[in-house]
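Participant: Next comes the sequence, and after it the predicted model I'd like to discuss.
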Amino acid sequence: MLIELPRRTEIYGSVKIHELQRVLKFDSGGFDNPRSCDIPLEDIKRILKRFAIIVPIKDESLHLLDGVLRSIPFDCTVIVVSNSAREPQDMYRMEKDMITNIHTLTQQEFFIIHQKDPEVGFAFHNLNYDCILDKYRLVRDGKSEGMIIGMLLAKSLGKEYIGFVDADNYVPGSVREYVMDYAAGFCMSKTPYTMVRLHWRYKPKVVEDRLYFKKWGRVSRTTNKYLNLLLSISTGFETGVVITGNAGEHALTTNLADIMEYSTGYSVEPYHFVYLFDNFGMKAEKIIPVDAFNVGIEIFQIETLNPHLHEEKGEEHINNMLLGSLSTIYHSKLCDEYVMSEVLNDLVDILHSWKIPPQNTIMAPIGGIDAAKFADILLNRSETFVQLRQGSTVKGMIEEEYLDNNSFRVVQ
Ligand SMILES: Nc1nc2c(ncn2[C@@H]2O[C@H](COP(=O)(O)OP(=O)(O)O)[C@@H](O)[C@H]2O)c(=O)[nH]1
Ligand SMILES: [Mg+2]
């Protein structure tokens, strides 16, 4: 892959944010030049083998999920975390059957789990991670909550890289690109604490019967503006370096995943920045973990060659995302009175009875959770956990199931 080198890098405390890098060619010829970096396919492949791709899903079309799953490179392990309805129609069972079929045909490694499985809640409680649970000791609704389940499973498999792709993508080829772009970012990084965030070249919309290749949405434009403002007021130098504040499509090293905190639902992505600014920036108060402080954290922002075409979820969804995103800004340690009043202006139509944006629930780092034990509890107790491994039997597999279903086990 041929990818542009970043023109500039902003350094904020221990956090390095690289400016946008464009993908120049998917397949390159091995010709380096001073403005770009040529990453051989073998290097990308080496990353893919140590990579888990998590697909969070809630009530999406099976057609879209099918395209997404079939386009994730074979070498990656895929972990689907579903919060789809179980009644009146059991959407989860349909997802599971479809994935099992893909596995049977391709032998790619898949793991599937349902977010509301009581045993997932039990496992978190058992491992002292109650911050993800509701009052019934079930995992709360929310994309971020699903992502954490997936990350623990990835860790239990010893994966070094964890990436996310949404299930509602209309263009399977773009999903393949996202994963390759993540891997390219990891090839360029110089620290074990790395995050790669994608920026769409275009997000096409239908406007008056024509496709309009839009570049920015309302939420991303606003979130980026404020994340840059936090940096600008903190350093005294204006910047526009952040362009991926709401990047649902992102990946990170397991080392970094272990030390991050996670904000609930859709606020998870902008909070990555806020958390890193607050805890690893120039005004950080506590110096833990020391290693990440010393070696530094790198953030790559890569512009995809493919456009991003996904389900439109409507105005209420957009407003919720905006509220969740700007709440992370409002409650950041870096936010001063000027930024607060600007945020309140932007949220004036959305705040309803609240005077200030309600603080998002923040979940603690997952580094302290015993991921092997988490997976073990699911393996032994969960009804929804399915492991579909490459051509091998798995622990406790029932012989008839193996013969009938060609190497998969439904733990029931
Ligand atoms: N596991 C899980 N996935 C979710 C949840 N809510 C949304 N998702 C999935 O997260 C992905 C992104 O959500 P989407 O609504 O498309 O948000 P947007 O693309 O950022 O506007 C999609 O694949 C959703 O199906 C949830 O509560 N749990
Ligand atoms: Mg979407």
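Facilitator: Yep, it's here. Numbers count the residues shown, from 1 in each chain. Ligands and ions are numbered 1, 2, ... in the order given.

Participant: How about the secondary structure of the residue of the stretch 101-250 of the chain found nearest ligand 1?
Facilitator: Distance from ligand 1 to each residue of the stretch 101-250 of the chain (CB to the nearest ligand atom) is smallest for G146, at 2.6 Å. Where you see a C-beta, it was placed from the backbone N, CA and C, and this is true even at glycine. Here G146 is helix, with the state taken from DSSP: H, G, I helix; E, B strand; the rest coil.

Participant: so how many other residues sit close to it?
Facilitator: 27 (other CB atoms under 10 Å).

Participant: Quick one: residues contacting it.
Facilitator: Applying CB atoms under 8 Å, 6 or more residues apart in numbering to G146 gives the contacts 56, 58, 81-83, 115, 139.

Participant: hmm, 10 Å instead?
Facilitator: Residues near G146 by CB atoms under 10 Å, 6 or more residues apart in numbering: 54-58, 79-83, 113-115, 139-140, 164, 265.

Participant: Report all helices and strands that the host helix or strand of I318 contacts.
Facilitator: Here I318, judged by DSSP states H and E, is contained in helix 315-330. Helix 315-330 sits against helix 218-235, strand 262-263, helix 268-280, helix 337-346, with contacts defined as 3 or more CB pairs under 10 Å, 6 or more residues apart in numbering; DSSP states H and E.

Participant: Can you confirm whether that helix lies near ligand 2?
Facilitator: No. On the criterion CB under 5 Å from the ion, helix 315-330 is out of touch with ligand 2, staying 8.7 Å away.

Participant: How about stretch 210-226 and ligand 2, touching?
Facilitator: No. If you take CB under 5 Å from the ion as the test, stretch 210-226 misses ligand 2, and the best it gets is 10.8 Å.

Participant: Quick one: mean pLDDT for that stretch?
Facilitator: Averaged over stretch 210-226, pLDDT sits at 89.

Participant: ok, back up a step: could I get the helices and strands packed on helix 315-330 in a markdown table, plus columns for mean neighbour count?
Facilitator: Shown next, in a markdown table, are the helices and strands packed on helix 315-330 (neighbours: other CB atoms under 10 Å):
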| stretch | mean neighbour count |
| --- | --- |
| helix 218-235 | 20 |
| strand 262-263 | 26 |
| helix 268-280 | 25 |
| helix 337-346 | 14 |
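
Participant: can you redo the ones you listed as JSON lines with distance to ligand 1?
Facilitator: Shown next, in JSON lines, are the helices and strands packed on helix 315-330 (distance: least, CB to the nearest ligand atom, whole Å):
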{"stretch": "helix 218-235", "distance to ligand 1": "8"}
{"stretch": "strand 262-263", "distance to ligand 1": "13"}
{"stretch": "helix 268-280", "distance to ligand 1": "8"}
{"stretch": "helix 337-346", "distance to ligand 1": "18"}
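
Participant: Now those in CSV, please, with extra columns for distance to K205.
Facilitator: As requested, those are exported to CSV (distance: least, CB to CB, whole Å):
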stretch, distance to K205
helix 218-235, 12
strand 262-263, 27
helix 268-280, 21
helix 337-346, 22
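
Participant: wait, which of the ones you listed is closest to V196?
Facilitator: helix 268-280 (11.6 Å; CB to CB).

Participant: Tell me what angle the closest one forms with helix 218-235.
Facilitator: Angle of helix 268-280 versus helix 218-235, following axes from the mean of the first three to the mean of the last three CA atoms, to 10 degrees, is 10 degrees.

Participant: Mind checking the pLDDT average for helix 268-280?
Facilitator: Regarding helix 268-280, the rounded mean pLDDT is 96.

Participant: Output that helix as PDB - backbone C-alpha positions only.
Facilitator: The C-alpha trace of helix 268-280 is given here as PDB (Å, rounded to 0.1, in the frame of the first residue of the first chain):
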ATOM      1  CA  VAL A 268     -16.900   6.400  23.100                       C
ATOM      2  CA  GLU A 269     -14.900   7.800  20.100                       C
ATOM      3  CA  PRO A 270     -14.700  11.500  21.000                       C
ATOM      4  CA  TYR A 271     -13.900  10.500  24.500                       C
ATOM      5  CA  HIS A 272     -10.700   8.700  23.300                       C
ATOM      6  CA  PHE A 273      -9.300  12.100  22.500                       C
ATOM      7  CA  VAL A 274     -10.600  13.800  25.700                       C
ATOM      8  CA  TYR A 275      -9.300  11.000  27.900                       C
ATOM      9  CA  LEU A 276      -5.800  11.100  26.200                       C
ATOM     10  CA  PHE A 277      -5.700  14.900  26.400                       C
ATOM     11  CA  ASP A 278      -6.800  14.900  30.100                       C
ATOM     12  CA  ASN A 279      -4.500  12.100  31.200                       C
ATOM     13  CA  PHE A 280      -1.500  12.200  28.900                       C
END
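
Participant: list the helices and strands the next helix or strand along the chain from it packs on?
Facilitator: Note on helix 268-280: by DSSP H and E, the next helix or strand toward the C-terminus is helix 290-295. In terms of contacts (3+ CB pairs under 10 Å, 6+ apart), helix 290-295 is packed against helix 254-259, helix 268-280.

Participant: Let me know the angle separating the last one from helix 315-330.
Facilitator: Pointing back at helix 268-280 there. Angle of helix 268-280 versus helix 315-330, following the same axes, to 10 degrees, is 0 degrees.

Participant: Figure out how far helix 268-280 is from the centre of its chain.
Facilitator: Computed by CA atoms, centre = their mean, to the nearest Å, the chain-centroid distance of helix 268-280 equals 14 Å.

Participant: dump the residue contacts of the residue in the stretch 151-300 of the chain that ligand 2 sits nearest to.
Facilitator: In the stretch 151-300 of the chain, the residue that lies nearest ligand 2 is D168 (4.4 Å; CB to the ion). Listed by CB under 10 Å, 6+ apart, the contact set of D168 reads 57-61, 64-65, 68, 248, 309-313.

Participant: ok, and which of those residues reach ligand 1?
Facilitator: Among those, the residues that sit close to ligand 1 (CB under 6 Å from any ligand atom) are 57-58, 60, 248, 310-311, 313.
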